[in-house]
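# No sequence on hand, only this structure:
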């Protein structure tokens, strides 16, 4: 188990069959703003002062953003079929191509993913920072990423300026883009589901629609860009949520932690958590790229490698 985890410890065919009698959990809660607390105000002020020093040193600009942290975790689930025990799943997020990251950065990441020899690859949103066109040059690099059980992607809040083009480019790279959809993966006579839900900020997340055709007792992996959606998702039959969005705060300060986190990433910020009611594990990847500021401090970019076990 990863020592950085937070929270308490607890346990190829498309899905098309309709099921109108189950998944009657309450609708997802979205939208809304938040007030800045005194602690957050002080943290942001401190981040500004420290940031000026970091700029001078260059570490937070040219150093840490290029120092990839590879996190390895084993997670056990009683619902995981024995045929999928030992499955290696690679999770990356928030590349933000077009802002401080380009095709060369993605090529280095692809090399690490190849070394991991994944069975499944999951990307949890924000492949570009602003424009879908910034993905075009990197399509061949994404296409080189290989996983025998498939490559899956969702859209993040930065991906919504041209979702049609972005989806087409990801499809060209061999990624199946899931928007309120599930996909069934078969192996050794057993089946699991991968579900992708629309972005919480700019999309229309619909877990009930996403789960159509998925038996309720089937092991189901959820991909959702904003990690705080987990408090809604735990009312549905998901067994693990993978998210990004928060960048882990991107700039973290001693004793204070993340100076700022975006809406949708305030509760679950970095690493492994468990939801309060269902104890569903939620993993928040710190992302590969940066946004708004081309800096990282005490918050290295991350590639996560999971090994799934049967409890």
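Looks like it arrived, so ask away. Source: prediction; values computed, not measured.

# Specify the beta-bridge partners of the residue nearest the centre of the chain.
For the chain, residue 243 is the residue whose C-alpha lies nearest the centre (C-alpha atoms, centre = their mean; 2.9 Å). Beta-bridge partners for residue 243, by DSSP bridges, are residue 284.

# what's the distance between residue 167 and residue 176?
From residue 167 across to residue 176, the span is 10 Å (C-beta to C-beta, to the nearest Å). Glycine gets a C-beta too; all of them are placed from N, C-alpha and C.

# hmm, back to that, shouldn't the residue nearest to the centre of the chain be in contact with residue 227?
Yes: using C-beta atoms under 8 Å, residue 243 is in contact with residue 227, at 3.7 Å.

# Show me whatever sits in contact with both of these two.
Shared contacts of residue 243 and residue 227, defined by C-beta atoms under 8 Å, 6 or more residues apart in numbering, comprise 265, 268, 282, 284.

# Pull the most distant pair out of those residues.
Pairwise distances across these peak at 11.2 Å for 265 and 282 (criterion: C-beta to C-beta).

# Compare these two (neighbour count), which wins?
residue 282 (27 against 24; other C-beta atoms under 10 Å).

# circling back: any common contacting residues for residue 265 and residue 282?
Common contact partners of residue 265 and residue 282 (C-beta under 8 Å, 6+ apart): 227, 243.

# which residues in this protein form helices?
Taking DSSP state H to define them, one finds helices in the chain at 38-57, 103-116, 139-144, 163-172, 207-210, 230-233.

# State the distance from residue 84 to residue 269.
The gap separating residue 84 from residue 269 is 29 Å, by C-beta to C-beta.

# same deal with residue 89?
For residue 89, the distance to residue 269 - C-beta to C-beta - is 21 Å.

# tally of neighbours for residue 66?
Residue 66 has 14 nearby residues by other C-beta under 10 Å.

# List the residues that contact it.
Contact analysis of residue 66 by C-beta under 8 Å, 6+ apart lists 105, 301.
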